[in-house]
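Asks: With the sequence up front, the predicted model follows.
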Amino acid sequence: MTSSAHSASAFLLLLQLASPALPVGGFSYSEGLESAVDLGWVKDESSAKAWLMDQLDLIQARSEMPLLHEAILAWREFDQHQLIDLTAWTLQTRETFEVKLQTQQMGRSLLIWLKNQNIMDTEKLEFCKDLPPTWPIVFALCVSQEDISLEDGLMTFAFSWAENMVQAAMKSVPLGQKSGQTILTAITQEIPKAVRKAMSTPRHARQSFAPHWAILSSQHETQYSRLFRS
């Protein structure tokens, strides 16, 4: 296969991973947004955009994407000890039942999808199954191929998150398609900056500290009326 064919294959894989049609159930989670809507903190386009931009900066860029960055490098080296440590950190930093359920369910679903693609080393797939699988660690495996740059892997991850969250905002606020696209455009313009921040974050500085968000997630577990699983 030529290098151009490799590049095309890698590009198409990234499009699949970024697509809301990826069969992992990401559309069924709001990551606390539904609770914020219920409390009246998010009520229109402006407040929804501010909420998601904060989430990109305070959670994705400080925790999820630095984790993903390290996991991609670990998969490329097949550093099993590092992957075990990163999986443990992932599970330990899921502060509520719903958030932990999300990362485990989406991780298992993505691993099933990846097995069906027949593009990954069997040994890595079996090791991932035993970790156990979580969303960022399995996603890192998907984009750990050498013909996918680290930046492209992280941007795909961030865009996938952004699109799912915008869809959640459109359903729960609710918002129209125009407002949804306006918010998505604003977020995507900030994604490269968030990726640079994540890639420059040393291991000891990676952090998961968003107590207010965790409280909202806990409240969602007993919320009277819900559209989403988180």
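Replies: Done, it's in. Given the structure is predicted, the values throughout are model-derived calculations rather than measurements.
Asks: CA atoms for contacts and neighbours, from now on please.
Replies: Fine.
Asks: In stretch 29-43, which residues are buried?
Replies: Under the neighbour-count criterion of 16 or more other Cα atoms under 10 Å, stretch 29-43 has 29-38, 42-43 buried.
Asks: I misspoke; the intended subject was stretch 207-223.
Replies: Within stretch 207-223, the residues that qualify as buried by neighbour count (16+ other Cα under 10 Å) are 207-208, 213-214, 216-221.
Asks: which other residues reach it?
Replies: Counting by Cα atoms under 8 Å, 6 or more residues apart in numbering, the neighbours of stretch 207-223 from elsewhere in the structure are 31-32, 34-36, 58-59, 62-63, 93, 95-99, 226, 230.
Asks: Just to be sure, which of those residues are found in strands?
Replies: Cross-referencing these against strands under DSSP state E gives no overlap.
Asks: Just the buried ones from those residues?
Replies: If you count burial by 16+ other Cα under 10 Å, the buried members of the contacts of stretch 207-223 come out as 31-32, 34-36, 58-59, 62-63, 95-96, 98-99, 230.
Asks: Which of the helices or strands spans the residue nearest the centre of the chain?
Replies: The residue lying closest to the centre of the chain (Cα atoms, centre = their mean) is Trp161, at 4.9 Å. Secondary structure assignment for Trp161, by DSSP states H and E: helix 150-172.
Asks: Quick check: buried residues in that helix?
Replies: Applying a neighbour-count criterion of 16+ other Cα under 10 Å, one finds 150, 153-172 buried in helix 150-172.
Asks: and the lowest-mean-pLDDT helix or strand in the chain, what does it pack onto?
Replies: Of the helices and strands making up the chain, the lowest-confidence element is helix 3-18, at a mean of 81, by mean pLDDT, DSSP states H and E. For helix 3-18, the packing partners by 3 or more Cα pairs under 8 Å, 6 or more residues apart in numbering; DSSP states H and E come out as helix 150-172.
Asks: Could I have the CA atoms of the helix or strand just after the helix it packs on written out in PDB?
Replies: From helix 150-172 onward toward the C-terminus, using DSSP H and E, the following helix or strand is helix 177-199. Included here for helix 177-199 are C-alpha records, laid out as PDB according to Å, rounded to 0.1, in the frame of the first residue of the first chain:
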ATOM      1  CA  GLN A 177     -29.800  23.900  14.700                       C
ATOM      2  CA  LYS A 178     -28.400  27.400  14.000                       C
ATOM      3  CA  SER A 179     -27.600  27.900  17.700                       C
ATOM      4  CA  GLY A 180     -26.000  24.500  17.800                       C
ATOM      5  CA  GLN A 181     -23.800  25.200  14.900                       C
ATOM      6  CA  THR A 182     -22.800  28.600  16.300                       C
ATOM      7  CA  ILE A 183     -21.700  26.900  19.600                       C
ATOM      8  CA  LEU A 184     -19.900  24.100  17.700                       C
ATOM      9  CA  THR A 185     -18.000  26.600  15.600                       C
ATOM     10  CA  ALA A 186     -16.900  28.500  18.700                       C
ATOM     11  CA  ILE A 187     -15.700  25.300  20.400                       C
ATOM     12  CA  THR A 188     -13.800  24.000  17.400                       C
ATOM     13  CA  GLN A 189     -12.000  27.300  17.100                       C
ATOM     14  CA  GLU A 190     -10.600  26.700  20.600                       C
ATOM     15  CA  ILE A 191      -9.800  23.000  20.200                       C
ATOM     16  CA  PRO A 192      -6.300  23.500  18.700                       C
ATOM     17  CA  LYS A 193      -5.400  25.700  21.700                       C
ATOM     18  CA  ALA A 194      -6.800  23.000  24.100                       C
ATOM     19  CA  VAL A 195      -4.800  20.300  22.200                       C
ATOM     20  CA  ARG A 196      -1.500  22.300  22.600                       C
ATOM     21  CA  LYS A 197      -2.200  22.800  26.300                       C
ATOM     22  CA  ALA A 198      -2.800  19.100  26.700                       C
ATOM     23  CA  MET A 199       0.300  18.100  24.900                       C
END
